[in-house]
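Asks: need a structure here:
(one chain, ligands or ions: 1)
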Amino acid sequence: MNLLVVGTVAFDALETPFGKTDKILGGAATYIGLSASYYLKKSNLVSVVGDDFPQEHIDLLNKRGMNTEGLQIKKGEKTFFWSGKYHTDMNTRDTIETQLNVLETFDPIVPENYKDVDFLMLGNLMPSVQQRVLDQLPKRPKLVVLDTMNFWMDHFLDDLMDSLKNVDVLTINDEEARQLSGEYSLVKAAKKILAMGPKYLIIKKGEHGALLFNNNEVFFAPALPLEDVFDPTGAGDTFAGGFIGYLASTGNISFDNMKRAVIHGSAMASFCVEKFGTERMLDLSDAEVQSRLQAFKDLVQVEFDLA
Ligand code: AMP
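Replies: I've put the predicted structure just below:
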């Protein structure tokens, strides 16, 4: 089944307790596409960059099977830039700077040959832009997953509430779930958010794993305990890419298969944080992926009898 990924392709500058980078390749769609590439040989990308974006980065996306026909390159404009600094615990970060640049006027155009979409991943972007992509599709995809963040809840809540009516799966972190619902309990928050439109909700809790809800079931997957976390940037997007990549590769959107997809997403995210930026996601071997999935199986499996 095919996959369309929409989101930012960016320059990031990162600082963690382990070091600092200058402008490197980043962006939500970049991480999503790289992660999904371990499940699907091909995916389609809709995004925008400026003419300061190097061809070598585009080549790298193409090498991982991402079709960049839907990547607009704006002459004389600058690529979206984000810089962030992590605290010692690596769970919290400050955004140092966000330069929207090309994003300020981004009008997503879905190329004709992309339009028959099976799986749609709407990565973190302005909610009205996410909606404009949905509006261009002649038929509803089999599954629509939307990722968003507190920034859009603060400034564009009405637009976000409108797009939530059209999505199947919403992925947000625990703080954002609390903000969106006004509830501290994540169980109560999930109930309220599911009433806003999505059929499924994934609440990401960083090193504490992820929760998957529908109206009457809940599933929890831990994050793999890692000795060293180098840079958490992109972990959420990498999770989403593994989640939707696995679902698209199997074509099965049952709740049980979504549970497996959450484990695949978590396994991918556990690789992402091991090096700076996208570095770790560029050429994982099949053996590495398989052994990481096995580690997850060992982590969560336990047999016990009920008395
Ligand atoms: P994550 O660590 O999964 O939250 O994602 C980090 C990525 O999101 C970085 O590569 C940034 O380029 C990108 N990003 C940061 N802020 C925004 C924003 N406001 N809208 C879209 N993408 C963003």
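
Asks: where's the closest residue to Lys20 other than its chain neighbours, which helix or strand?
Replies: Ranked by CB to CB, 6 or more residues apart in numbering and with sequence neighbours excluded, the top spatial neighbour of Lys20 is Leu14, at 7.1 Å. Using the backbone N, CA and C atoms, a C-beta is placed for each residue, glycine as well. Using DSSP states H and E, Leu14 sits within strand 10-16.

Asks: just the pLDDT for the residue nearest to Lys20.
Replies: Predicted confidence (pLDDT) for Leu14: 94.

Asks: how near is Leu164 to Arg140?
Replies: Counting by CB to CB, to the nearest Å, the gap from Leu164 to Arg140 is 15 Å.

Asks: what strands flank the helix or strand of the chain with the lowest mean pLDDT, and is each parallel or antiparallel?
Replies: The weakest-scoring helix or strand in the chain, judged by mean pLDDT, DSSP states H and E, is strand 19-20 (a mean of 89). As defined by DSSP bridges, the strand partners of strand 19-20 come to strand 10-16 (antiparallel).

Asks: any buried residues in the top helix by length along the chain, and which?
Replies: Longest helix in the chain by number of residues (criterion: DSSP state H): helix 255-272. For helix 255-272, the neighbour count (16 or more other CB atoms under 10 Å) marks 258, 260-272 as buried.

Asks: just the residues contacting the least confident helix or strand of the chain, thanks.
Replies: Ala13, Leu14, Phe276 (CB atoms under 8 Å, 6 or more residues apart in numbering).

Asks: if we use 10 Å, what do you get?
Replies: Residues outside strand 19-20 that contact it (CB atoms under 10 Å, 6 or more residues apart in numbering): Ala13, Leu14, Ser83, Lys85, Phe230, Asp231, Phe276.

Asks: from what I can see Ile73 touches Phe53, true?
Replies: Yes. If you go by CB atoms under 10 Å, Ile73 and Phe53 touch, sitting 6.9 Å apart.

Asks: what's the overlap in contacts for the two?
Replies: With CB under 10 Å, 6+ apart, Ile73 and Phe53 have common neighbours Thr79, Val102.

Asks: the two: which is more packed in?
Replies: Phe53 (22 against 16; other CB atoms under 10 Å).

Asks: I figured Ser291 hits Leu224, correct?
Replies: No. Between Ser291 and Leu224 there is no contact under CB under 10 Å: 11.4 Å.

Asks: surely Ile202 forms part of a strand?
Replies: Yes. Judged by DSSP: H, G, I helix; E, B strand; the rest coil, Ile202 forms part of a strand.

Asks: next, the buried residues of stretch 95-107.
Replies: Neighbour counts over stretch 95-107 (16+ other CB under 10 Å) mark Asn101, Val102, Leu103, Phe106 as buried.

Asks: report the central residue of the chain.
Replies: Asp237 (2.5 Å; CA atoms, centre = their mean).

Asks: quick check: closest non-adjacent residue to it.
Replies: Tyr31 (3.6 Å).

Asks: following element in sequence after whichever helix or strand the one you found is part of, please.
Replies: Under the criterion of DSSP H and E, Tyr31 resides in helix 28-36. Toward the C-terminus, helix 28-36 is succeeded by strand 43-50 as the next helix or strand (DSSP H and E).

Asks: tell me the phi and psi of the residue of the stretch 201-307 of the chain at minimum distance from the ligand?
Replies: The stretch 201-307 of the chain approaches the ligand most closely through Gly236 (3.2 Å), counting by CB to the nearest ligand atom. In terms of degrees, to the nearest 10, the main-chain angles of Gly236 are phi -60, psi -40.

Asks: tell me the contacts of it?
Replies: 28, 31-32, 123-124, 147, 149, 171-173, 202, 204, 206, 210, 265, 269, 272.

Asks: if we look at the ligand, which of those residues are close to it?
Replies: Contacts with the ligand within the contacts of Gly236, counted by CB under 6 Å from any ligand atom: Ala28, Asn124.
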